[in-house]
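Participant: what would the 3D arrangement of this be:
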Amino acid sequence: AVVSGLADLRKDPHPTKVPDPPSGKEKSPTFEDEQLKLLKSSEIKTGCKEIADVLLIDEKKITEIVTALASGRHVLLAGPIGTGKTKLAKLIPKTFWSKIGGYYAEDHTATSDWTTQDVIGGLFPKMENGRVAYGIQNGCVVDTVSRNWEYGVDGGERIKSKKPPKTPPYHGTWLIIDEFNRADIDKAFGQLFTSLRTGQLKIPDMDKSFKDLKIPKDFRIIGTLNTADKHFLFQLSDALKSRFAYIELDIPKSKQKDQEIYYAMNGAVEELDLNEKLKDGKPTYERYVILNHGTKTANPGKSDNGEEFRNRIVHAYNTLYTVRIFKKLGTAILKLIYQNFLVGRMMGISSLESLDNALTTNLIPQLENLSLPFIEAIEAFHSDNLMQIF
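Facilitator: As a prediction, this is how the structure comes out:
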C-alpha cells in the first residue's frame with residue numbers, strides 16, 4: 001500500500017517551473033522583494049501611541065523592538081506571564097508599517113513535541129480511496145513564508161497577503177511562535193537557523209530530496225517565551241541568540257498603579273463586550289466604574305456603590321502587588337481578576353464575595369509552585385501575622 005501510494009503521487013509531481021495562473025482567475029498584483037521599510041521618528045511615535053491605547057508597555061521598549069526588526073533581526077520577546085508579549089507581537093507588524101498595509105501575524109504555539117516537520121515540513125501519511133498515500137505537509141515557517149509569494153512554494157513574485165482579507169491588503173505575512181522555548185530548540189529549529197542565514201528554505205519534495213523556497217527580505221519571526229515557566233523549558237542555544245534579538249518585557253512599576261488598574265479594567269470590559277451592552281445610551285458597567293481613556297484612570301461609577309467598587313479593585317491590585325514580590329505576574333492576571341469581579345457584581349453577588357472569588361480563582365493557581373516560606377509570607381501580608389513572620 002505504501003509503494004502504491006507513492007507511485008500515485010509520482011504521477012502528478014510538483015511543477016518544476018513557475019506555473020501560469022489558473023484560467024478564469026485574475027492574476028494577483030505583484031511587486032519587487034525589498035528590505036523592510038525603515039521608519040521615521042514620527043511614525044514610531046504614532047505607532048507607540050496606538051499601542052499605548054491597549055497595552056501598558058514603555059515606549060522605549062517598543063522602539064527597541066521596532067529597531068531590531070527594521071535592522072534585519074528576528075525577535076524573541078521574553079517576560080513573565082501576562083505582560084502582553086503575544087498581543088504586542090501581533091500589534092507591531094500591522095501598526096508600524098500601516099502606510100504600506102502592515103503585516104499580518106500568523107500565530108503558532110510551540111510544544112515539547114515539535115520537530116523539524118512542525119517547523120519546515122516533511123512526509124506524512126493520509127488515506128485516499130481506502131488506501132494509504134503520502135504527501136508533503138508544510139511546517140509553520142514554510143506555510144507562512146509561502147503566503148508571501150505569487151505561487152506559494154513554487155515561487156513567482158511577491159504579492160500582498162490574501163488571507164485574512166483587508167482593505168488595503170496586508171503587505172505580507174509574518175510568523176509568531178508562542179512559547180518558543182517549550183520546544184527542543186536544536187531538534188525543532190536547527191535547520192531553520194541555517195535557512196535564516198542563507199535566506200533559502202530547504203523544503204522536502206516528492207520528486208527530489210529538497211527544493212528551495214526563498215525567504216522574503218522583509219519577512220520576520222517574532223517568538224515569545226515565559227521567563228518564569230520552568231516546565232518543559234529548553235535552553236536557548238547560541239545559534240538562536242545570534243539570529244534573534246532577545247528583548248525582555250517586565251511587569252509595570254508600582255508608580256504606574258493607577259494606569260495599570262485602568263488598562264486591566266479596560267481590557268476586562270472589552271473582553272466581556274460590555275461596551276456593546278448599552279442602556280440609555282451608556283454602557284451598563286458605568287454604574288460601577290467610569291473609564292477615562294484620556295487620563296488612563298478608572299474612577300468610581302455613578303451608583304451609590306461606585307466608591308465601594310473602586311476600593312475593591314484597588315484592594316485586588318494591592319493583593320497582586322504582594323504576590324509579585326515572590327512571583328512576577330503581568331497585567332493580564334489583574335484583567336482576569338477584574339473580569340471575575342465585574343461579572344460577579346453585575347450578577348448581583350456581594351462585593352466582598354465577588355472579590356474573594358476573583359482572587360481565589362485567578363491567583364491561587366499561580367502560587368502552586370512557590371515554596372512554603374513564600375506562601376506563608378504572602379498570607380502574613382494579608383493577616384495580623386506580618387510582624388510574627390519577621
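Participant: burial measure for Phe382, as a count.
Facilitator: Careful, residue 382 is His and not Phe. Counted with other CB atoms under 10 Å, the neighbours of His382 add up to 13. Backbone N, C-alpha and C define where each C-beta goes, glycine included.
Participant: got it, and Thr115?
Facilitator: Neighbours around Thr115, by other CB under 10 Å: 15.
Participant: what's the separation between it and Ile185?
Facilitator: 12 Å (CB to CB, to the nearest Å).
Participant: residue boundaries of the strands in the stretch 101-250 of the chain?
Facilitator: 103-109, 121-128, 131-138, 158-159, 172-178, 200-204, 210-214, 221-226, 244-248 (DSSP state E, counting those that start in this stretch).
Participant: pull out the buried positions in the third one.
Facilitator: When burial is assessed from 16 or more other CB atoms under 10 Å, strand 131-138 yields the following buried residues: Ala133, Tyr134, Ile136, Gln137, Asn138.
Participant: farthest pair within those residues?
Facilitator: Ala133 and Asn138 (16.9 Å; CB to CB).
Participant: this protein: helices as residue ranges?
Facilitator: In the chain, the segments counted as helices under DSSP state H are 2-10, 41-52, 59-70, 85-96, 116-119, 140-146, 185-198, 238-243, 257-271, 306-324, 331-346, 351-363, 372-381, 386-389.
Participant: out of the ones you listed, which gets nearest to Asn299?
Facilitator: Minimum separation from Asn299 across the helices of the chain (CB to CB) falls at helix 306-324, 7.0 Å.
Participant: for the closest one, packing partners?
Facilitator: helix 257-271, strand 289-292, strand 297-300, helix 331-346, helix 351-363, helix 372-381 (3 or more CB pairs under 8 Å, 6 or more residues apart in numbering; DSSP states H and E).
Participant: make CSV out of those and add mean neighbour count.
Facilitator: Shown next, in CSV, are the helices and strands packed on helix 306-324 (neighbours: other CB atoms under 10 Å):
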stretch, mean neighbour count
helix 257-271, 20
strand 289-292, 18
strand 297-300, 18
helix 331-346, 22
helix 351-363, 17
helix 372-381, 14
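Participant: do you know which of those lies nearest Asn181?
Facilitator: The stretch from the helices and strands packed on helix 306-324 with the least distance to Asn181 (CB to CB) is helix 331-346; that distance is 19.1 Å.
Participant: and the closest one, how far out from the chain middle?
Facilitator: From the chain centre to the centre of helix 331-346 is a distance of 21 Å (CA atoms, centre = their mean, to the nearest Å).
Participant: output it as CSV, restricted to C-alpha atoms.
Facilitator: Taking Å, rounded to 0.1, in the frame of the first residue of the first chain, the C-alpha atoms of helix 331-346 are listed here in CSV:
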residue,chain,number,x,y,z
THR,A,331,-1.3,43.0,33.9
ALA,A,332,-3.3,40.2,32.2
ILE,A,333,-3.7,38.4,35.5
LEU,A,334,-5.2,41.6,37.0
LYS,A,335,-7.5,41.8,34.0
LEU,A,336,-8.8,38.3,34.7
ILE,A,337,-9.4,39.2,38.3
TYR,A,338,-11.4,42.2,37.2
GLN,A,339,-13.4,40.2,34.7
ASN,A,340,-14.5,37.8,37.5
PHE,A,341,-15.2,40.6,39.9
LEU,A,342,-17.2,42.7,37.5
VAL,A,343,-19.3,39.8,36.3
GLY,A,344,-20.0,38.8,39.9
ARG,A,345,-21.2,42.3,40.7
MET,A,346,-23.4,42.5,37.6
